[in-house]
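K.L.:
quick one, what's the 3D model for this:
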Amino acid sequence: MPEEPDVSAEEEEILDRNIRKRIEAKKRLRAYEMGLIANRIMEALEARPEGMNWAEIREMFDKNVSEKKIKQALQTLKTTALTRNKVKETEERSGERWFLSVAS
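P.N.:
As a prediction, this is how the structure comes out:
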């Protein structure tokens, strides 16, 4: 087994601090990206009162955004209080349809 490098407690603390900073930076970046995705979906839904199905929402991102991220953004829109609007989901034969409606 390779030997553990000699690292002082101070150096270890510096490394830990740097790792924590990188983790926090990645979390902020993910949250920012999620916000951009959610905003883009919201703008598209505002422009289409008839709503959009999954395929239409997916096409907006030209397969540059994973399905997982799109679903997370939709869930965020669905569960987050948004001024006077919220995303609703209805079941249709062709699948789910997403649209904005005025919250009561």
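
K.L.:
go ahead and flag the most central residue of this structure.
P.N.:
Met34 (2.9 Å; CA atoms, centre = their mean).

K.L.:
now that residue: how far from Glu96?
P.N.:
Separation of Met34 from Glu96 (CB to CB, to the nearest Å): 20 Å. In this view, the C-beta of every residue, glycine as well, is placed from N, C-alpha and C.

K.L.:
what is the lengthiest helix in the chain packed up against?
P.N.:
Longest helix of the chain, by residue count under DSSP state H: helix 9-47. Packing contacts for helix 9-47, counted by 3 or more CB pairs under 8 Å, 6 or more residues apart in numbering; DSSP states H and E, involve helix 67-79, strand 85-92, strand 95-102.

K.L.:
helices and strands around the first one, which ones?
P.N.:
Under the contact criterion of 3+ CB pairs under 8 Å, 6+ apart, helix 67-79 touches helix 9-47, helix 54-59, strand 85-92.

K.L.:
can I get the ones you listed in JSON lines with mean pLDDT?
P.N.:
What follows is these, written out as JSON lines (pLDDT from 0 to 100):
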{"stretch": "helix 9-47", "mean pLDDT": "93"}
{"stretch": "helix 54-59", "mean pLDDT": "90"}
{"stretch": "strand 85-92", "mean pLDDT": "53"}
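
K.L.:
dump the ones you listed into a markdown table; add distance to Lys68 as well.
P.N.:
Below are these laid out as a markdown table (distance: least, CB to CB, whole Å):
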| stretch | distance to Lys68 |
| --- | --- |
| helix 9-47 | 11 |
| helix 54-59 | 12 |
| strand 85-92 | 17 |
